[in-house]
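Undergrad: with the input below, show me the fold.
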Amino acid sequence: MKKRAAVITIMLLGLTLGGCADANIYDMPPDQVYTKLIALEQGTPSAIDVAGVRRDIYGTPGKSVTWVTDYAHAYYECTAYLTPEGPARTSVNVGCSDENAPAKFAIGKAIVGQIAGKANTQLPVGRSFNGARNRHIELIDSTLDERPFDKIRGKSQVMGWPDPPA
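TA: Model (predicted):
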């Protein structure tokens, strides 16, 4: 009896998680996804709520959209990469980094790198950008699904999305 219950539990779990597998695929061509994402007014809905933030947005039609967030103590870019999945579907993946940060952040990056290197580990907060990535995933998902931005979903990993691009 226990074996049967375990098999049923595994099947139900597979069905539940299986439904999330295409969370990052949208039923519209890449050019339409690009048009919707590039038109987002920065700060509406806000990906981060910080006063004095400079936000820019740019992209390559049908390929990617990048949001730049720059304020006094931080800088990062989150890019939505668009990949055609047949004639009328698009998969989206999101990556965030500070690789293009202005020189004013070089010292901070070097210090964090030294601390992480000496500890022979990755810092849990440091340069992971998981929070920013999750907020941008929710920003993209809510925009393409034409629903309101959900701050709660924006604070956690959205199930079914692939790992960030390397």
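Undergrad: what helix or strand does Arg133 sit in?
TA: helix 130-144 (DSSP states H and E).
Undergrad: and if you look at Pro148?
TA: Counting by DSSP H and E, Pro148 is found in no helix or strand.
Undergrad: buried residues of the helix holding Arg133, list them for me.
TA: 131-144 (16 or more other Cβ atoms under 10 Å). Glycine gets a C-beta too; all of them are placed from N, C-alpha and C.
Undergrad: for it, name the packing helices and strands.
TA: helix 30-38, strand 74-84, strand 90-97 (3 or more Cβ pairs under 8 Å, 6 or more residues apart in numbering; DSSP states H and E).
Undergrad: in this structure Val33 contacts Asp145, no?
TA: No: counting by Cβ atoms under 8 Å, Val33 stays clear of Asp145, with 11.7 Å between them.
Undergrad: give me the more crowded residue out of the two.
TA: Higher neighbour count among Val33 and Asp145: Val33, with 24 against 9, using other Cβ atoms under 10 Å.
Undergrad: gap between that one and Pro164?
TA: 18 Å (Cβ to Cβ, to the nearest Å).
Undergrad: now do Gly86
TA: Taken as Cβ to Cβ, the span from Gly86 to Pro164 is 24 Å.
Undergrad: which one of these two has more residues nearby?
TA: Shown here are Gly86 and Pro164; by other Cβ under 10 Å, Pro164 has more neighbours (18 against 9).
Undergrad: which residues does the more buried one contact?
TA: With contact taken as Cβ atoms under 8 Å, 6 or more residues apart in numbering, Pro164 is in contact with 93-96, 133.
Undergrad: can I assume it sits in a helix?
TA: No: read with DSSP: H, G, I helix; E, B strand; the rest coil, Pro164 is coil and lies in no helix.
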